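>>> Below is the structure, and that's it, no one-letter string:
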């Protein structure tokens, strides 16, 4: 049985300076109460890996506005003007990664691979400073795996064994982020005794702690 914590207890496990993966596509499938608790506890100097920086007043965006993030590895910052502002003033280190490449780099870590080869970004600034390889006459960029100290993810339903199921597109990056961090904390809308194996998207072996939203 996976340990159930409050949001406050779960976020206390995270030290200043930690590297954190945060699931969600904008606010869809984002672990909002865990993020809100990060804000309340004012964890600082974080490196955040996420699909986007959301909006200034929503989930991941609050961390940017509150200046708790020293580096963001992400694909999209256009919906949060504060991210761009801090990037241009030098307050925030922004590493922009094509979305498919970001996903594959996280997946590579979870699968125990040494990296991925991708044609995305060849001939652009994405290629600068990176190793390249030619295979069958086509050029590829070598991209390193990405890992984290913590993954904060969302699940629609989670059972007492840590198995996770999703409704609709909320699974997004949550699924791969569960495989690539030392400690994985899932925020559950609902906790049940047992999920039908046919509905399990993330097996419980990847989950360390569960936070139930209505009890958070």
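Sure, I can see it. The structure presented is a predicted model; accordingly, all values stated were derived computationally and were not measured. Numbering: from 1, shown residues only.

>>> pLDDT below threshold where in the chain?
215-216 (pLDDT under 70).

>>> let's go with 80 and repeat that
Filtered on pLDDT under 80, the chain yields the residue ranges 214-216.

>>> how about the helices of it, start to end?
Per DSSP state H, the chain carries helices over the ranges 7-12, 32-41, 59-65, 81-89, 99-110, 174-177.

>>> tell me the most buried of those?
helix 174-177 (a mean of 26; mean count of other CB atoms under 10 Å). Any C-beta I mention is one placed from the backbone N, CA and C, and that applies to glycine too.

>>> contact partners of it?
21-24, 29, 49, 103, 106-107, 110, 148, 151, 153-155, 164, 166, 184, 201-202 (CB atoms under 8 Å, 6 or more residues apart in numbering).

>>> Which parts of this protein are strands?
Ranges of strands in the chain, per DSSP state E, are 3-4, 19-22, 46-49, 69-74, 93-96, 116-118, 132-135, 138-143, 148-159, 164-165, 181-192, 209-212.

>>> Would you convert these into TSV that also reports distance to residue 61 and mean neighbour count?
Formatted as TSV, the strands of the chain follow (distance: least, CB to CB, whole Å; neighbours: other CB atoms under 10 Å):
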stretch	distance to residue 61	mean neighbour count
strand 3-4	28	14
strand 19-22	11	25
strand 46-49	11	22
strand 69-74	10	20
strand 93-96	14	14
strand 116-118	28	17
strand 132-135	35	10
strand 138-143	26	16
strand 148-159	15	25
strand 164-165	24	24
strand 181-192	17	20
strand 209-212	20	22
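
>>> who wins for proximity to residue 84 among those strands?
Residue 84 lies closest, by CB to CB, to one member of the strands of the chain: strand 93-96, at 8.2 Å.

>>> In terms of secondary structure, what does that closest one contact?
Contacts defined by 3 or more CB pairs under 8 Å, 6 or more residues apart in numbering; DSSP states H and E place strand 93-96 against strand 69-74, helix 81-89.

>>> Which residues outside it are in contact with it?
Contacts to strand 93-96, defined as CB under 8 Å, 6+ apart, come from residues 70, 71, 72, 73, 74, 75, 77, 83, 87.

>>> ok, and the closest non-adjacent residue to the last one?
Excluding the flanking residues, the one nearest residue 87 by CB to CB, 6 or more residues apart in numbering is residue 94, at 4.4 Å.

>>> Tell me the bridge partners for that neighbour.
residue 72 (DSSP bridges).

>>> where's the residue nearest to residue 71 when sequence neighbours are not counted relative to residue 79, distance?
Using CB to CB, 6+ apart and skipping residues adjacent in sequence, the residue nearest residue 71 is residue 93, 4.1 Å away. Separation of residue 93 from residue 79 (CB to CB, to the nearest Å): 19 Å.
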